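> Generate a structure from the sequence data that follows.
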Amino acid sequence: FFQKSRLHSSGIMLTRGSARLSTLFHNQYRCFSVPAFDAFNDRASKLRSSYPNLFNSSSFLSDQEALLQSYRSNLSSLLNDYDPARKAIDAATGESFFLELTEQQCLQDLENGTHRPFYEAKSEASDLSDKLRLGQEYVDAVIRLQQEQSTATSVEQTNLNMIEIAKYGDLIDEWMLRFPDPVHDSSDLGLPISDAEVDVWVLEQYHHAPDHVREQTGGITYEEHKKVEDAWMRTLDEKLVEVLKSRSSSNGTEFDESKFREFCEVSNELFHPHSIEHYGQSNYAKSLFRAALWQSRDRCSAVEASIERVLSLIQSGRDDDAAIVRSVYETAPDTRFRNLAALQLRILDPLFAAKLVQQVRHALEDVALARAQKDVLRELEVPYLQQQRAELEHELTASMSTNPANMQRQVRVLREQEAAYELEMASLDEVLDELLPRKLWGADISGVKQSIVAYASGAGSLREVDAAIDATLQSSQFDADLQ
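Coordinates of the predicted model:
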């Protein structure tokens with residue numbers, strides 16, 4: 001957070017941790033950027049060269065297909081082991097600890113897409129570049145205002161600078177909070193002009209519209225005036241096309257006029273202001289449809305099908321059983337029946353190895369993105385940290401305190417915060433050592449760690465990671481739970 005009482009005088013103190021944003025390591029896109037983005041690209045290149053398979057989306061997806069094929073062929077055998085053990089535990093305890101699973105149900109999950117290959121790419125390189133550039137603009141503005149404040153000749157100017165610095169402090173605070181969100185995820189829906197811009201443009205057009213359009217005059221009926229208004233509104237489509245063509249010509253971008261006209265035709269029919277059918281729909285639903293329509297008519301059908309799948313999941317009342325069971329044993333590894341639970345998860349969660357590898361990749365990205373943020377804030381925050389530490393060290397020396405522990409602790413914390421600006425990328429070993437103990441329920445992580453390192457370097461496969469996880473969680477030893 002910001003210590004705003006000090007913000008206007010000597011700097012700011014930022015302590016909020018940054019969240020995960022995106023995976024950009026497979027993308028060499030470069031655009032107008034800030035030094036922090038260039039440094040990020042350099043670190044990303046080193047990660048790609050060190051762990052090529054970890055950022056190879058095509059091999060990641062094909063390996064998941066292989067996992068699902070193996071799962072399909074082994075499903076009957078897994079259920080033959082699981083079901084008698086489940087029934088034995090239910091009989092011994094008098095309670096239903098584990099789900100009853102059928103082959104038909106599991107195959108249906110495969111057919112309806114419950115288990116499908118994935119590769120999560122959350123943002124483009126241009127998006128991160130824009131984020132860092134925006135943060136740099138805010139930081140530069142604060143530094144400039146602080147310099148102006150130091151030479152201000154009046155109290156009035158000093159106060160005005162304080163207000164401006166506080167404003168930019170709020171903007172930096174918001175920048176950090178919203179760093180995980182796509183910069184361009186706004187009302188534009190990918191269209192050549194955003195809804196906000198269109199609203200302003202239409203308002204201006206309506207302001208200059210003829211009187212017979214703006215008012216029902218001349219003794220015409222309401223229905224007749226609606227036709228007049230409708231005819232005028234349709235002229236706006238033509239005017240907007242000319243505006244967008246002119247904009248496209250001036251900034252050197254492409255504008256697909258025929259695609260835009262088709263989009264307007266469908267939108268006018270479905271969301272006409274005189275039609276009341278669509279007023280019961282939420283703005284989000286309309287935006288979702290329009291975003292899909294702008295991509296293609298076929299995209300609308302794909303989005304509709306995905307919504308139907310979600311609705312079916314909700315109506316079936318099924319939770320993410322695998323995630324719930326896994327969370328129980330991650331939190332409390334000594335919970336009973338862990339071997340049979342591991343077998344159940346092999347059936348319910350056939351792509352867990354891929355999920356784990358993706359989580360490893362995200363953890364590496366976290367460090368790179370946190371460092372990119374720090375590179376932006378360095379010029380503003382490090383001098384503040386150094387100043388605060390110097391003042392404390394001077395006070396500690398001058399006070400001759402008989403109980404200096406508190407000030408010594410504060411100095412140590414400030415030194416650690418300074419040092420955080422010099423930390424380089426975490427190694428894959430460090431990430432795995434931190435992540436795997438919980439994910440493997442406190443078991444020995446060496447086998448899984450070795451298989452992930454081999455996979456990341458291109459010498460292994462997800463099948464080998466999956467086999468190492470199974471061996472570590474000992475799902476084949478479910479008989480031990482029956483004793």
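> Now Gln359: closest residue in space, sequence neighbours ignored.
Spatially, and ignoring its direct neighbours in sequence, Gln359 is nearest to Leu435 (6.7 Å; C-beta to C-beta, 6 or more residues apart in numbering). The C-beta positions use only the backbone N, C-alpha and C, and glycine is treated the same way.
> Check which helix or strand Arg378 maps to.
Here Arg378 is covered by helix 352-399, with elements defined by DSSP states H and E.
> So which elements touch that helix?
When contacts are defined as 3 or more C-beta pairs under 8 Å, 6 or more residues apart in numbering; DSSP states H and E, helix 352-399 packs onto helix 35-50, helix 57-93, helix 125-150, helix 405-419, helix 428-439, helix 446-457, helix 462-473.
> So which bits of whichever helix or strand comes after the second one are buried?
Beyond helix 57-93 on the C-terminal side, the first helix or strand identified by DSSP H and E is helix 103-111. When neighbours are counted by 16 or more other C-beta atoms under 10 Å, the buried residues of helix 103-111 are found to be 106, 109.
> and if you look at stretch 253-270?
Buried, per 16+ other C-beta under 10 Å, within stretch 253-270: 255, 260, 263-264, 267.
> do you know how far Arg346 is from Ala152?
From Arg346 over to Ala152 the distance is 69 Å, taken as C-beta to C-beta, to the nearest Å.
> out of these two, which sits in the busier spot?
Set Arg346 next to Ala152 and count neighbours by other C-beta atoms under 10 Å: Arg346 wins out with 22 against 14.
> can you count the residues close to the closest residue to the more buried one other than its chain neighbours?
Spatial nearest neighbour of Arg346, chain neighbours left out: Ser475 (5.5 Å); criterion: C-beta to C-beta, 6+ apart. A count of nearby residues for Ser475, using other C-beta under 10 Å, gives 22.
> Wait, Ser475 touches Leu348, no?
No - using C-beta atoms under 8 Å, Ser475 is not in contact with Leu348; the gap is 11.8 Å.
> Dump the helices and strands packed on helix 352-399 to a markdown table, plus distance to Ala368.
Compiled in a markdown table, the helices and strands packed on helix 352-399 are given as follows (distance: least, C-beta to C-beta, whole Å):
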| stretch | distance to Ala368 |
| --- | --- |
| helix 35-50 | 5 |
| helix 57-93 | 18 |
| helix 125-150 | 10 |
| helix 405-419 | 18 |
| helix 428-439 | 12 |
| helix 446-457 | 15 |
| helix 462-473 | 23 |
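> Just put those in TSV and tack on distance to Gln388, mean neighbour count and mean pLDDT.
Formatted as TSV, the helices and strands packed on helix 352-399 follow (distance: least, C-beta to C-beta, whole Å; neighbours: other C-beta atoms under 10 Å; pLDDT from 0 to 100):
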stretch	distance to Gln388	mean neighbour count	mean pLDDT
helix 35-50	23	17	87
helix 57-93	45	15	93
helix 125-150	16	19	89
helix 405-419	6	14	90
helix 428-439	29	16	95
helix 446-457	40	20	96
helix 462-473	46	21	96
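> To Leu191, which of these lies closest?
Shortest distance between Leu191 and the helices and strands packed on helix 352-399, using C-beta to C-beta, is found for helix 125-150: 17.4 Å.
> quick one, that closest one and helix 35-50 angle?
Angle between the axes of helix 125-150 and helix 35-50 is 140 degrees (criterion: axes from the mean of the first three to the mean of the last three C-alpha atoms, to 10 degrees).
> quick one on the thing from earlier: looking at the helices and strands packed on helix 352-399, spot the one closest to Leu385.
Closest of the helices and strands packed on helix 352-399 to Leu385 is helix 405-419, at 5.0 Å (criterion: C-beta to C-beta).
> Now tell me what touches stretch 35-46 from outside.
With contacts defined as C-beta atoms under 8 Å, 6 or more residues apart in numbering, stretch 35-46 is touched by 24-25, 28, 30, 125, 128-129, 132-133, 135-136, 368-369, 371-373, 375-376, 424-425.
> quick check: mean pLDDT across the helix or strand hosting Gly169?
Using DSSP H and E, Gly169 maps to helix 155-177. Averaging pLDDT along helix 155-177 yields 90.
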